[in-house]
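> When you get a sec, could you give me coordinates for this:
(one chain, ligands or ions: 1)
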Amino acid sequence: MSKKVRVRFAPSPTGGLHLGGVRTVLYNYLFAKKHHGDFILRIEDTDQARYVAGAEQYIFDCLKWAGLEPDESPKQGGEYGPYRQSERKEIYRQYAAQLIKDGHAYYAFDTPEELEKMREDFKTEQNPSPQYDHSVRQKMRNSLTLPADEVKKLLAANTRYVIRIRMPENEIVSFSDMIRGEVSFDTAVVDDKVLLKADGMPTYHLAVVVDDHLMKITHAFRGEEWLPSTPVHILLWKYLFGLNNMPQWAHLPLILGPNGKLSKRDGAKYGFPVFAMSWTDPKTGELTEGFKEKGFLPEAFINLLALLGWNDGTEQEIFTKDELIEKFSIERVHSGGAKFDYEKAKWFNHEWIKRKEAGYLRSEVKDLMTGKGIAVTDDNILDKIIALVKDRCTFLTDFYDQSIFFFRSPEQYDLNAVKPKWNDAKQLFFAELIRNFELNNDWAAHTLENNFKEIAAANHIKPGDVLLPFRIMLVGGKFGPGVFDIAEIIGKEETIIRIKKALEAFTG
Ligand code: GLU
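Residues are numbered from 1 along each chain as shown. Reported below is the predicted structural model:
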């Protein structure tokens, strides 16, 4: 029997969740569900300097909203916990010690000043920012250069140190990436990365390898920005676990904005969201609007993210989550950057709003209207309204403008559209329409339409000439769904009140 698939999303809780992050979640999730595996959320919070309070809860909220909840996480727990790296500190120390014992890592006692001096002293035109690597380490203060008893003394005296990997000088590290195929790196150009920091916390490089091993991760999908770190991770896998059960790697393509990698700044500049949900930076108080608050449906959000780098080989663009689970394959993810097109994102949302039943959208629309002080009392009527206007909504938030006239009589009229063509014939027509409506007990849209047309014919008026004024009477402008549908919903009394009120404005 093959091994159970186990994948992970391993964010650092440092701020808003970028859509690239959610796409990583999505690809992990789809792959796990397709293979009846587990999707794990591991919080990589070992960088205390970058830790942001509230960011972890926010990640949970985003995954919940997107419908991509993990099977194991710091919240749910699971067999392989703790799932927060800051709670696993002791575990990493043992592995760091083992690496030192085996000669693959060493203690480095260099002070920040000494490191700065190294960068100055070894700077050349060809190498403007020298790294702590095989060519430099022999000239620094570490357990490779200092006599053993001095190292012992320094450790006994609690001197600050870090543990660094001892990168081989000339080794080609190769691995097969599920998206990119064979990838090779020359270790000569990779620095001796810190594995354990002076505060006793591991760096990402050590923690990711240890945790992927202990949590039995079978496939590690992550952003392309981690590709250059892979040789370090592979060597650690080799030194610690003999490469046994190393996950299969896949590095996902960058998401591109109008000018290179899509950034939060692009969002601000071009007016589109880049975070899944709104995020307020606790330090600056700056609020960045998210896809959710902008009015995206989670179904549309994951659909558009799925297609940012993947397709199923056909022209199909709209996929439900179940279809994505069935059709997704990591091998079909392309390696080139995926361009984010906000107009296309809006198209997805519009398509999803159109496809959703009114009842499904009801609570969102109700919350929206209530939030703006409109009391929605009748769910049946609300469902009818939603069904009538949803084709006109790109965002959930559009439901307000598209349906406010069902709840409130217009305060202003597009008089320019009516007044220049207003005449006595039209005035008489509406007077008769009011009389007809007052006596009318059948208030169905098609009856109203028939009556409207009959009265127009009897008055030798083209129905088209009085339809626009009628619409403006009911909604205020040249917009909205079928005008007789609107009249049916707002009811007889309200329709008549609105006609009378508008007539005064038109003729005043
Ligand atoms: N903690 C890393 C991040 O924030 C995770 C990278 C990985 O998945 O290996 O992106």
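
> Without its sequence neighbours, what residue ends up closest to Tyr51?
Spatial nearest neighbour of Tyr51, excluding adjacent residues (C-beta to C-beta, 6 or more residues apart in numbering): Asp45 at 5.7 Å. (Each C-beta comes from the backbone N, C-alpha and C, glycine too.)

> Up against the ligand, what does the stretch 101-250 of the chain have?
Residues of the stretch 101-250 of the chain found near the ligand (C-beta under 6 Å from any ligand atom) are 204, 208, 220, 222, 226.

> ok, of those residues, which come out buried?
Burial by neighbour count, judged by 16 or more other C-beta atoms under 10 Å, picks out 204, 208, 220, 222 from these.

> residue contacts, the third one?
Read that as Ala220. Residues counted as contacts of Ala220 (C-beta atoms under 8 Å, 6 or more residues apart in numbering) are 7-8, 212, 247-250.

> are any of these buried, and which?
Using 16+ other C-beta under 10 Å, the buried members of the contacts of Ala220 are 7-8, 212, 247, 249-250.

> Three-state assignment for Gln126, please.
Going by DSSP: H, G, I helix; E, B strand; the rest coil, the secondary structure assigned to Gln126 is coil.

> one step back: now the buried ones among the residues of the stretch 101-250 of the chain next to the ligand in a markdown table, with secondary structure, distance to Asp378 and pLDDT?
Below are these laid out as a markdown table (DSSP: H, G, I helix; E, B strand; the rest coil; distance: C-beta to C-beta, whole Å; pLDDT from 0 to 100):
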| residue | secondary structure | distance to Asp378 | pLDDT |
| --- | --- | --- | --- |
| Tyr204 | helix | 54 | 94 |
| Val208 | helix | 54 | 97 |
| Ala220 | strand | 52 | 98 |
| Arg222 | strand | 49 | 97 |
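
> Just give me the closest of the residues you listed to the ligand.
Arg222 (3.4 Å; C-beta to the nearest ligand atom).

> re the thing from before, in helices, which of the buried ones among the contacts of Ala220 fall?
Members of these lying in helices (criterion: DSSP state H): Asp212.

> quick one: which of the residues of the stretch 101-250 of the chain next to the ligand is nearest to Ile91?
Val208 (12.8 Å; C-beta to C-beta).

> that older thread, give me the pLDDT for the residue nearest to Tyr51.
With respect to pLDDT, Asp45 scores 94.

> Report the contact partners of it.
Counting by C-beta under 8 Å, 6+ apart, Asp45 has contacts 12-13, 51, 56, 84-86.

> before we move on, what SS does it have?
coil.

> gap between it and Thr24?
Here the criterion is C-beta to C-beta, to the nearest Å. By it, Asp45 lies 17 Å from Thr24.

> next one: Tyr270
Tyr270 is 23 Å from Thr24, by C-beta to C-beta.

> Repeat that for Asp71.
For Asp71 relative to Thr24 (C-beta to C-beta), the value is 16 Å.

> Looking at these two, which is more packed in?
Thr24 (20 against 16; other C-beta atoms under 10 Å).

> was I right about the more buried one contacting Trp226?
No: counting by C-beta atoms under 8 Å, Trp226 is not a contact partner of Thr24; they are 10.3 Å apart.

> OK, contacts around the residue in the stretch 301-450 of the chain that the ligand sits nearest to?
Per C-beta to the nearest ligand atom, Ile330 is where the stretch 301-450 of the chain lies closest to the ligand, at 14.3 Å. The contact partners of Ile330, by C-beta under 8 Å, 6+ apart, come to 27, 31, 178-179, 219, 221, 250.

> again, only this time at 6 Å
Contact analysis of Ile330 by C-beta atoms under 6 Å, 6 or more residues apart in numbering lists 31, 178, 250.

> ok, those vs the ligand, which is closest?
Ala250 (10.5 Å).

> Bridged to the closest one, which residues?
Phe221 (DSSP bridges).

> Hmm, it is touching Met178, no?
Yes: under the criterion of C-beta atoms under 6 Å, Ala250 makes contact with Met178 at 3.9 Å.

> want to throw the contacts of Asp45 into JSON lines with pLDDT?
JSON lines is the format used below for the contacts of Asp45 (pLDDT from 0 to 100):
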{"residue": "Ser12", "pLDDT": "95"}
{"residue": "Pro13", "pLDDT": "94"}
{"residue": "Tyr51", "pLDDT": "86"}
{"residue": "Glu56", "pLDDT": "96"}
{"residue": "Arg84", "pLDDT": "96"}
{"residue": "Gln85", "pLDDT": "96"}
{"residue": "Ser86", "pLDDT": "94"}
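
> Mind jotting down where the strands sit in the stretch 101-250 of the chain?
Along the stretch 101-250 of the chain, counting by DSSP state E, counting those that start in this stretch, strands occupy 105-108, 162-165, 172-177, 181-186, 194-196, 219-223, 248-252.

> I'd like to know which elements the shortest one is packed against.
Counting contacts by 3 or more C-beta pairs under 6 Å, 6 or more residues apart in numbering; DSSP states H and E, strand 194-196 is packed against strand 162-165.

> where does Leu448 sit relative to Gln98, distance-wise?
Applying C-beta to C-beta to Leu448 and Gln98 gives a distance of 82 Å.
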